[in-house]
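Colleague: Next comes the sequence, and after it the predicted model I'd like to discuss.
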Amino acid sequence: MYKFLLCWRYLLSRYIALASVISVMLGVATMIVVNAVMLGFTTEMQDRIHGILSDVIFESRSIDGFPDAEWHMEKIMQVAGDKIEGLTPTVVVPAMMSFQTGLNGEVASRPIELVGIDELTQSKVSQVAAYLQHAENRRQISFDLRESGYDILSQGDPDKAILRNDLRHAGWVYRRTSVAEVEKLRRQIREEEERLREQHAALQAAPPTEAGTGDGVTDGITDGVTDAATGAADPGNSPENPSENPFAVAPSKTDAENVFDPAKEQHTGAIIGIALSQYFRGDVTDPATGESRIGDSLALIPGDDITLTIPMTEIPPKLRHDRFTVVDLYESKMMEYDSRLVFVPIQKLQDLRGMVDPRTGRRMVTQILIKAKPGVNLNELRDVLQVNFPSHTYNVKTWADVQETLLAAVFMEVSILNVLLFLIIAVA
């Protein structure tokens, strides 16, 4: 006790020494807190990046990919099977996503990275399923649209979760409702067109005026009604006179039976990054509690249809597009991925791009994702595979190699902060 009192009396008599001790204490405490925060941030970021990517990526240097994924996976297992836990083939290509943003037909387009995955094996090499918004899809990825049950709150702390009211009725419930509303709008348009045709017919049947051809005003009204009702002045193009067109062919019974019914059917499923569907983020009212909280307004939800445009494997490449139905949203909270990635079934993407050999039926892929066993040195596994496959055709890299620039920047930031804090303590 006397030692403490002696030190205290000494410090009280020398204020500079007391200030120096307090400065050192605060500097050390700041260094500990900053390092802890940066370590937590770095660990969380690495976990999210690693969850999206597999441990090791075996990829083709060509966008056309390489054939016979099964043979390549067998060869990989022969080379390093004792270090590998799982494999899955993928196809990754740049593409364009387009969708309608309103009833007036406005179309929005987004550049994306289209990823074809095997829904049965993808979860064995990455954590993509963990970032989906439907509980059943988190257990097993599926490209079938769910009836309902999508999460209306983002994953994480419920008090800080982002509210998404648009997902409350997402799924088949929303799809059927949307189709019914569109059909109602189309029916109203048809009724209005029929009313305009009747009005036009009545004006045509009316007796001419003394001028014979009208006073100019009636002619203008008549012309406007004609254009609005029939879309053209030629009566031979109107639906009421189909026989006037000798090239018109009535639809066959088979075609009528094969008409796509969006209220009962879906296109091939697609899982899109949630940032691709966001209108804006701001304060919204929670219907359950009436309280205001941060929420997202979404332009696309499960049940909506989108158009994907992709390059073919031909030289020079040609473009091909097809319709897909959004079946789930993907949120990793890494904007680089949430605003860029769209997942579709790998076989559908291979068929669209022409990545199937017509003679043998073998399919081409651009990547094989590899999950290493716990404790395996990923750099050693990468080097072993690269040595056994020609480097001019194949490229092997770890998940850290993919994000090398980002990870290096974070490491540099932590190092600079430590240097600055050390200098502060040294001055104190």
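Modeller: Happy to help now that I have it.

Colleague: Can you report phi and psi for N395?
Modeller: Taking degrees, to the nearest 10, you get phi -130, psi 130 for the backbone angles of N395.

Colleague: That one pairs with what?
Modeller: E59 (DSSP bridges).

Colleague: Check the gap between it and Q122 for me.
Modeller: 21 Å (CB to CB, to the nearest Å). No exception for glycine: its C-beta is placed from N, CA and C like everyone else's.

Colleague: With G375 instead?
Modeller: G375 is 23 Å from Q122, by CB to CB.

Colleague: out of the two, which sits in the busier spot?
Modeller: Q122 (22 against 6; other CB atoms under 10 Å).

Colleague: hmm, who's touching stretch 149-159?
Modeller: Contact with stretch 149-159 is made by 131, 133-136, 161-165, 167-168, 170-171, 301-302, 328-329, 331, as judged by CB atoms under 8 Å, 6 or more residues apart in numbering.

Colleague: How far does it stretch from one end to the other?
Modeller: End-to-end distance of stretch 149-159 (CA to CA, to the nearest Å): 20 Å.

Colleague: for stretch 62-72, same thing?
Modeller: 16 Å.

Colleague: And the contacts of it?
Modeller: Under CB under 8 Å, 6+ apart, the answer for stretch 62-72 is 58, 60, 89, 91, 93, 311, 313, 355, 357, 362-366, 368, 393-394.

Colleague: again, only using 10 Å
Modeller: 58-60, 74-75, 87-94, 118, 311-315, 317, 346, 350, 353-357, 360, 362-368, 389, 393-394 (CB atoms under 10 Å, 6 or more residues apart in numbering).

Colleague: go on, stretch 387-398?
Modeller: Against stretch 387-398 from outside (CB under 10 Å, 6+ apart): 50, 53-62, 66, 72, 75-76, 78-80, 367-368, 370, 372, 377-379, 381-386, 401, 404.

Colleague: and A95, bridged to which residues?
Modeller: Beta-bridge partners, per DSSP bridges, of A95: I112.

Colleague: cool, the one 4 residues further on as well?
Modeller: Bridge pairing for F99 (DSSP bridges) gives the partners A108.

Colleague: Pretty sure it sits against I301.
Modeller: No. Assessed by CB atoms under 10 Å, F99 is found out of contact with I301, at 11.1 Å.

Colleague: Sort out for me which of the contacts of stretch 387-398 are in strands.
Modeller: When DSSP state E defines the strands, the subset of the contacts of stretch 387-398 inside them is 56-60, 66, 367-368, 370, 372.

Colleague: These: which two are farthest apart?
Modeller: Using CB to CB, the pair of these lying farthest apart is F66 and A372, separated by 21.4 Å.

Colleague: The helix or strand Y337 falls within: how far from the chain's middle?
Modeller: Secondary structure assignment for Y337, by DSSP states H and E: helix 335-338. Helix 335-338 sits 8 Å away from the centroid of its parent chain (CA atoms, centre = their mean, to the nearest Å).

Colleague: Give me the packing partners of it, helices and strands only.
Modeller: When contacts are defined as 3 or more CB pairs under 10 Å, 6 or more residues apart in numbering; DSSP states H and E, helix 335-338 sits against helix 15-52, strand 268-273, strand 319-330.

Colleague: residues in contact with it?
Modeller: Residues outside helix 335-338 that contact it (CB under 10 Å, 6+ apart): 48-49, 51-53, 113, 128, 131, 272-278, 329-332, 403, 406.

Colleague: rerun at 8 Å
Modeller: Helix 335-338 is touched from outside by 52, 273-276, 330-332, with contacts defined as CB under 8 Å, 6+ apart.

Colleague: And the furthest pair within those residues?
Modeller: Pairwise distances across the contacts of helix 335-338 peak at 15.2 Å for I52 and L276 (criterion: CB to CB).

Colleague: now the helices for the chain?
Modeller: Secondary structure of the chain (DSSP state H): helices at 2-13, 15-52, 69-80, 135-139, 172-205, 217-230, 253-257, 335-338, 346-353, 378-388, 399-402, 404-427.

Colleague: Tell me which of the ones you listed approaches G290 most closely.
Modeller: Nearest to G290, of the helices of the chain and by CB to CB, is helix 172-205 at 23.5 Å.

Colleague: now that closest one, how far from the centre of its chain.
Modeller: The answer for helix 172-205 is 34 Å, by CA atoms, centre = their mean.

Colleague: And it, what does it pack against?
Modeller: helix 217-230 (3 or more CB pairs under 8 Å, 6 or more residues apart in numbering; DSSP states H and E).

Colleague: now the helix it packs on: mean pLDDT?
Modeller: For helix 217-230, the mean per-residue pLDDT is 44.

Colleague: again, but for stretch 76-91
Modeller: Mean predicted lDDT for stretch 76-91 stands at 93.

Colleague: swap in stretch 138-147?
Modeller: 94.

Colleague: So, low pLDDT: which residues of this protein?
Modeller: Applying pLDDT under 70 to the chain flags residues 1-2, 8-15, 17, 102-104, 208-257, 427-428.

Colleague: Between the two ends of stretch 309-322, what distance do you get?
Modeller: Start-to-end, stretch 309-322 (CA to CA) is 7 Å.
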